[in-house]
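# can you look at this prediction? I've put the sequence above it.
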Amino acid sequence: MPAAFGFLNACKPPGMTSTAFGGWVKSVFPGSAIGHWGTLDPTASGVLVLGIGYATRLLPLIEPATKRYSFELILGTKTDTADATGRVVETQTVPDDWRGRLPATAAALIGTIEQTPPMYSAVKVGGRPLYDSARRGEEVARQPRSARVLALGVVDSGRSSARMLVECDAGLYVRTLCEEIAQRLGTVGHMGALVRTAAGPFSIDDAALPEQIAQRRDACLIDPLGVLGCATVELNGERLTRFMHGNGMAIGEYDATVSAPPGGAKGTVLVVHGNRVIGVASLEEGQLSPRRVFPE
């Protein structure tokens, strides 16, 4: 049986870490390497992209892209973790007019904003993750970071909570965003449920549930050729043998084996054989140089 190879757009359930979920996926694909394209907090659910087998080496080639989340804003209570898992540390009255002001408050946050990483985050200060210091009861000085919000809107609202959608670049803390929204509304708040609905080209509409992965694992794998925007070079015969042994070769400007986007093929290219990715190479001035070779 051929080794498992491809990307997996998984729908991670809440209540487990991304590492633990990756360990479960590895049990479904025994003997295959597993890699993550980003992570999700344990309480969050939704799109979690993994590389299976040699496709783990292709994850860095997925172009940086925006992410979309559906989240719950809970007003009137502040927690030490900024989400619903934490201990309530402050309560405040929720203004009566908050619903009417929420859309404009959200619109004002679209653009580049400054956020201080929450203590319960994986950011390392002095070589130690902030969440480790937080669990020890230590407060660590953190530097603000820029984050970009592309869209932020309200879906519906209740007595003291609202369901919202955000599209953002990687690096935005939705928990911190909830605290900021609450402050601008004149109260305190925290994040409730969080679902990642999209990460780049991967959507929750196409994400595989755990039971689907367990029952039809190979059918859930995505061909990296359909995701990556790199040019491709197809090799056969002697050229294929040379490449698989780690040897470079000349590729002419009008070589029929080169499938390139507008502007020509240069830089990083995918090397294919029989519609299967067999490696990654650099193509500069007509010279193909292997960077990674994937054996059968």
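It's in. Numbering: from 1, shown residues only.
# next, count neighbours for residue 33.
Neighbourhood size, residue 33 [other CB atoms under 10 Å]: 15. Yep, even glycine has a C-beta here, placed from its N, CA and C like the rest.
# state the pLDDT value of it.
With respect to pLDDT, residue 33 scores 95.
# what of residue 207?
pLDDT, residue 207: 98.
# just the pLDDT for the residue nearest to it when sequence neighbours are not counted.
Using CB to CB, 6 or more residues apart in numbering and skipping residues adjacent in sequence, the residue nearest residue 207 is residue 11, 3.8 Å away. The model reports residue 11 with a pLDDT of 98.
# what's the neighbour count on residue 11?
Neighbour number of residue 11 under other CB under 10 Å is 18.
# next: residue 74.
23.
# are we agreed that residue 102 is in a strand?
No: assigned with DSSP: H, G, I helix; E, B strand; the rest coil, residue 102 falls outside any strand and is helix.
# beta partners of the nearest residue to it once chain neighbours are set aside?
Nearest residue to residue 102 in three dimensions, chain neighbours excluded: residue 154, at 5.6 Å (CB to CB, 6+ apart). Residue 154 forms beta bridges with residue 164, as assigned by DSSP bridges.
# helices of the stretch 51-200 of the chain, start to end?
98-108, 130-135, 174-184 (DSSP state H, counting those that start in this stretch).
# retrieve the pLDDT associated with the residue nearest to residue 102.
Reported pLDDT for residue 154: 97.
# again with the one 10 residues further on
At residue 164, the model reports a pLDDT of 98.
# and the gap between it and residue 92?
As for residue 164, its distance to residue 92 is 20 Å (criterion: CB to CB, to the nearest Å).
# the nearest residue to residue 292 once chain neighbours are set aside pairs with what?
Excluding the flanking residues, the one nearest residue 292 by CB to CB, 6+ apart is residue 280, at 4.4 Å. Beta-bridge pairing for residue 280 (DSSP bridges): residue 270, residue 292.
# thinking again about what came up before, list the contacts for the residue nearest to residue 102?
Contact analysis of residue 154 by CB atoms under 8 Å, 6 or more residues apart in numbering lists 102, 103, 106, 162, 163, 164.
# contacting residues around the first one?
I take that to be residue 102. 154, 157, 162, 181, 185 are the contacts of residue 102 under CB under 8 Å, 6+ apart.
# can you rerun that using 10 Å?
In this structure, residue 102 makes contact with 73, 75, 153, 154, 157, 162, 164, 181, 184, 185, judged by CB atoms under 10 Å, 6 or more residues apart in numbering.
# go ahead and confirm the third one touches residue 105.
No: assessed by CB atoms under 10 Å, residue 153 is found out of contact with residue 105, at 11.3 Å.
# show me which of those two is the more surrounded one.
residue 105 (18 against 13).
# from one end of stretch 162-179 to the other, what's the distance?
Length of stretch 162-179, first residue to last, CA to CA, to the nearest Å: 13 Å.
# revised request: answer the last question for stretch 60-68.
20 Å.
# quick one: mean pLDDT over that stretch.
Rounded mean pLDDT across stretch 60-68 is 90.
# you'd agree residue 240 is in a strand?
No: judged by three-state DSSP, residue 240 forms no part of a strand; its state is helix.
# give the contact list for it.
By CB under 10 Å, 6+ apart, residue 240 lies in contact with 234, 271, 273, 274, 278.
# who has more neighbours, residue 164 and residue 92?
Taking neighbours as other CB under 10 Å, residue 164 and residue 92 compare with residue 164 leading, 23 against 14.
# what residues are up against the more buried one?
69-73, 102, 106, 152-157, 174, 177-178, 181, 191.
# so what touches stretch 242-251?
Contacts for stretch 242-251 (CB under 10 Å, 6+ apart): 233, 235, 238-239, 241, 257-258, 265, 269, 271, 273, 278-279, 281-283, 285-296.
# buried residues in stretch 97-104?
By neighbour count on 16 or more other CB atoms under 10 Å, the buried set for stretch 97-104 is 98, 99, 102.
# wait, I meant stretch 44-62
Buried, per 16+ other CB under 10 Å, within stretch 44-62: 44-59, 62.
# what separation do you get for the residue lying farthest from the centre of the chain and residue 288?
Most distant residue from the mean C-alpha position of the chain: residue 238, 38.9 Å away (CA atoms, centre = their mean). Here residue 238 is placed at a distance of 13 Å from residue 288 (CB to CB).
# for residue 277, same thing?
Taking CB to CB, one finds residue 277 at 15 Å from residue 288.
# what's the answer for residue 98, then?
60 Å.
# cheers, nothing more for now.
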